[in-house]
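A.B. asks: Please work out how this folds:
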Amino acid sequence: MAAPEAVRQIIFGAFPRLWPIDTRCYNIYSLRPNKLDACSRRKRVLVSMQAQSNSRVFYTSKRVSLFHSTNKAPHRKSGFDRLETIMCNCERQENGSSITNNDQDSTRSKMEKRPAVGSLSEIVTDSTQHTEAIGVDGITKHVNGGFTSKQKMPIDGLIKDPVHKSSPNSIEDEAWNLLRDSMVYYCNNPIGTIAANDPNSSSNLNYDQVFIRDFIPSGIAFLLKGEYDIVRNFILHTLQLQSWEKTMDCHSPGQGLMPASFKVRTIPLDGDDFATEDVLDPDFGESAIGRVAPVDSGLWWIILLRAYGKHTGDLSVQERVDVQTGIKMILKLCLADGFDMFPTLLVTDGSCMIDRRMGIHGHPLEIQALFYSALMSAREMLAPEDGSADLLRALNNRLVALSFHIREYYWIDMRKLNEIYRYKTEEYSYDAVNKFNIYPDQIPSWLVDFMPSKGGYLIGNLQPANMDFRFFSLGNLWSIVSSLSTEDQSHAILDLIEAKWAELVADMPFKICYPALEDQEWRIITGSDPKNTPWSYHNGGSWPTLLWQLTVACIKMNRPDIALQAVQVAERRISKDKWPEYYDTKRGRFIGKQAQLFQTWSIAGYLVAKELLANPNAAKILVNEEDSELVNASSCIISSNPRRKRDKKKKTIIV
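C.D. replies: Residues are numbered from 1 along each chain as shown. As a prediction, the model looks like this:
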């Protein structure tokens, strides 16, 4: 083991880089439209990474051989027939770029088999006439049907493929066509999907970029469809973009931060009219509105990495040294000690899906649910080695503390509401009931009518003397998916959704939060944000992309009928409305005033919901099952005497 360890020390140094140094693979391939067997479909490229000392962009040079071919090679806009030979200076990603059927079947047989989560035979038959139930075994037949670029030439990273321009026979067909049209290529390989692809829009803003959080439903959709290449490429290329140098005003972010988005740009090379280079240009928040770094990008990346391994059976990606290093860097950034006393992640406004000022600074539920899910996923994937022992110990300790904290202090139902209503304030002692000095007058008037007699939810935020009682959808839904909430709490959240269907679903699912900030409260908290007006955008708007999280949560709790009803509501309008980013008004009746059309994650969210309803067993790639050891450890915290927790010997609980 000494020799491999020495090699790793030389390659990575004190601060490990996530790309090999001067590692090259000299292989040339030609793009030919003739018949190719399974082996010849593999992309054999000239590989070399150029890490620029003063820039975070990555370059790929593509040189065009100018001779005519008898075969019908791809055309450039100049109209010349050319056979292109690609020379790519991107990072060498893998020993083999695709998974064969034999390898896929053998690895899949080793995966843990779990029973299907509920049956939808009667429900799906009546309501999804256009959906073909695709089983896990059926998906494996498509492993070699991933995206290839042998008949496509990238223009500024984006490919328009005429093959998918046929008129759709159903909403799903249209959605798949639109999703594939949004694909972005880097080094002539699929790498992601742009945020929105409206052909009639003249103002793209930053919607022509690949956002990590936006790509997650797209990646899950491609996995469920058996098209794995784009997900694998996305995982490995975004790993290259982890922060490693200054990004804004000479300030360096924490090592391991993943970018919010990146853009593929194709630039002509000087001195050669027919040579170009691809550029991967990441954004860590230095050019975003509000200049806020994304906290959720790295968490979503870990969740997608686990989903890829569980669905494909290909564990070679997560076992790579650079991927293991990337996981550890994200965990160390999240688990770093600070002045905060709580086990939750302390973040600023705008650091997650709600990326504008909405009063969610502190410990927003969405981040805590994703944090918990990422910790659970990372624990499954981390390689057992000496260097991981301390990290795993810290990870387990945080899981215990985080689950206890959220379940105990964020949960609210009619019983807990009555308890808060009778709180005494200014309590001082270790056994105080009102530990965070919450004032009963903070209970808003709307909550009295909103809270059903059966049901409950996790509040949006908790800080000293402040409880944010708003219902935030993503945080509650992902708490179910990740098992951050208990089984009873998870069912209660779905009970509340059913009871408050008119408020949370209405004419277009799903409300991002409820209720909206209005009047003086809106002016103070949002700064009179003209985009976040009441019942619009992040301030109570309806977001179709939330359909897929709702579906996973409902399938996990064996209540898929709730998700099916929501999908049926969306199908009435979403295609006719051209797949908007969000909807306005209390009932979601208007297309968002500033909503982008043909929003990719609205399209992908719908597709994932449909695929999972047709094959509920596939939802297990996203679900984190409750850990009995964590439950027992949390029970010990609850049953123990608060005064004894001051004892250093019993302060830390190690699972």
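
A.B. asks: Can you give me the pLDDT of P199?
C.D. replies: The score at P199 is 88. That number is its pLDDT.

A.B. asks: how much space between it and K578?
C.D. replies: 10 Å (C-beta to C-beta, to the nearest Å). No exception for glycine: its C-beta is placed from N, CA and C like everyone else's.

A.B. asks: quick one: which of these two has more around it?
C.D. replies: More crowded of P199 and K578, by other C-beta atoms under 10 Å: K578, with 16 against 8.

A.B. asks: residues contacting the more buried one?
C.D. replies: D198, L597, F598 (C-beta atoms under 8 Å, 6 or more residues apart in numbering).

A.B. asks: From F469, how far out is the last one?
C.D. replies: As judged by C-beta to C-beta, F598 and F469 stand 35 Å apart.

A.B. asks: Using neighbour counts, pick out the buried residues of stretch 435-443.
C.D. replies: Within stretch 435-443, the residues scored as buried using 16 or more other C-beta atoms under 10 Å are I438, I443.

A.B. asks: Contacts for that stretch next, please.
C.D. replies: 409, 417, 420-423, 425-427, 462-467, 469.

A.B. asks: run the last query once more with 6 Å
C.D. replies: With contacts defined as C-beta atoms under 6 Å, 6 or more residues apart in numbering, stretch 435-443 is touched by Y421, Y423, T425, P464, A465, M467.

A.B. asks: and the two most separated of the residues you listed?
C.D. replies: With C-beta to C-beta as the measure, no two of these lie farther apart than Y421 and P464, at 19.2 Å.

A.B. asks: For this structure, which helix or strand comes out least confident on mean pLDDT?
C.D. replies: strand 29-30 (a mean of 28; mean pLDDT, DSSP states H and E).

A.B. asks: so what pLDDT did the nearest residue to A633 once chain neighbours are set aside get?
C.D. replies: Closest residue to A633 apart from its sequence neighbours, by C-beta to C-beta, 6 or more residues apart in numbering: V400 at 4.4 Å. As predicted, V400 sits at a pLDDT of 95.

A.B. asks: right, and V400 touches N632 too?
C.D. replies: No: using C-beta atoms under 6 Å, V400 makes no contact with N632, being 9.4 Å away.

A.B. asks: Between those two, point out the one with more neighbours.
C.D. replies: Between V400 and N632, V400 has the larger neighbour count (other C-beta under 10 Å), namely 23 against 12.

A.B. asks: Which strand or helix spans that one?
C.D. replies: helix 389-405 (DSSP states H and E).

A.B. asks: Export that helix to PDB, keeping only CA atoms.
C.D. replies: Extracted in PDB, the C-alpha atoms of helix 389-405 (Å, rounded to 0.1, in the frame of the first residue of the first chain):
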ATOM      1  CA  ALA A 389     -12.500   7.000  10.100                       C
ATOM      2  CA  ASP A 390     -12.600  10.400  11.700                       C
ATOM      3  CA  LEU A 391     -14.800  11.800   9.000                       C
ATOM      4  CA  LEU A 392     -17.300   8.900   9.400                       C
ATOM      5  CA  ARG A 393     -17.300   9.400  13.100                       C
ATOM      6  CA  ALA A 394     -18.100  13.100  12.700                       C
ATOM      7  CA  LEU A 395     -20.700  12.300  10.100                       C
ATOM      8  CA  ASN A 396     -22.500   9.800  12.300                       C
ATOM      9  CA  ASN A 397     -22.500  12.200  15.300                       C
ATOM     10  CA  ARG A 398     -24.000  14.900  13.100                       C
ATOM     11  CA  LEU A 399     -26.700  12.600  11.800                       C
ATOM     12  CA  VAL A 400     -27.800  11.700  15.300                       C
ATOM     13  CA  ALA A 401     -27.900  15.300  16.500                       C
ATOM     14  CA  LEU A 402     -29.500  16.700  13.300                       C
ATOM     15  CA  SER A 403     -32.300  14.200  13.200                       C
ATOM     16  CA  PHE A 404     -33.100  14.800  16.900                       C
ATOM     17  CA  HIS A 405     -33.000  18.500  16.500                       C
END
